[in-house]
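test case, fold it:
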Amino acid sequence: MMQHQLAIQARSCPEILERILRVARHRGFQICSMNMDQTMDGYNVNIELIVASQRSVNLLSSQLTKLVDVAGVKILQPKSQLIRA
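Numbers count the residues shown, from 1 in each chain. Take a look at the predicted model:
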């Protein structure tokens, strides 16, 4: 499986993490790591996800971008490491 790192900027609301995780699960991605920080203004969050899947990370990125509270998604460095189950 390929690992990919995503940087997500979103509006800070109670349900944003749940929405992002649901999209990742429905698209067949496994969450390997997640980090979230609130911005200084308190109205936004920066979320860093490392996900793994056989599928293209562009599929996940385009679906996350469609979420109402998501302002932007960047695909950072792809990590082509083999994950052993």
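
ranges for the strands of the protein?
Taking DSSP state E as the test, the strands found in the chain are 2-11, 30-38, 44-53, 70-79.

want to throw the ones you listed into CSV with mean pLDDT and mean neighbour count?
Bear in mind the C-beta positions are built from the backbone N, C-alpha and C, glycine included. CSV is the format used below for the strands of the chain (pLDDT from 0 to 100; neighbours: other Cβ atoms under 10 Å):
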stretch, mean pLDDT, mean neighbour count
strand 2-11, 96, 18
strand 30-38, 96, 13
strand 44-53, 96, 18
strand 70-79, 85, 13
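
which helix of this structure spans the most residues?
In the chain, taking DSSP state H as the definition, the longest helix is helix 16-26.

and it, what's buried?
16, 19-20, 23-24 (16 or more other Cβ atoms under 10 Å).

that helix packs against which elements?
strand 2-11, strand 30-38, strand 44-53, helix 57-65 (3 or more Cβ pairs under 8 Å, 6 or more residues apart in numbering; DSSP states H and E).

and those as JSON lines, adding distance to K74?
Formatted as JSON lines, those follow (distance: least, Cβ to Cβ, whole Å):
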{"stretch": "strand 2-11", "distance to K74": "4"}
{"stretch": "strand 30-38", "distance to K74": "14"}
{"stretch": "strand 44-53", "distance to K74": "10"}
{"stretch": "helix 57-65", "distance to K74": "8"}
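
okay but D69 is in contact with P14, surely?
No: using Cβ atoms under 8 Å as the test, D69 is too far from P14 to be in contact (10.4 Å).

neighbour count: those two, which is higher?
Comparing D69 with P14 by other Cβ atoms under 10 Å, the one with more neighbours is D69, at 14 against 6.

for Q77, find the nearest of the helices and strands packed on helix 16-26.
strand 2-11 (5.9 Å; Cβ to Cβ).

now the closest one against helix 57-65, angle please.
10 degrees (axes from the mean of the first three to the mean of the last three Cα atoms, to 10 degrees).

strand partners of strand 2-11, parallel vs antiparallel please.
strand 44-53 (antiparallel), strand 70-79 (antiparallel) (DSSP bridges).

compute the inter-axis angle for the first one and strand 30-38.
Using the same axes, to 10 degrees, the inter-axis angle of strand 44-53 relative to strand 30-38 is 170 degrees.
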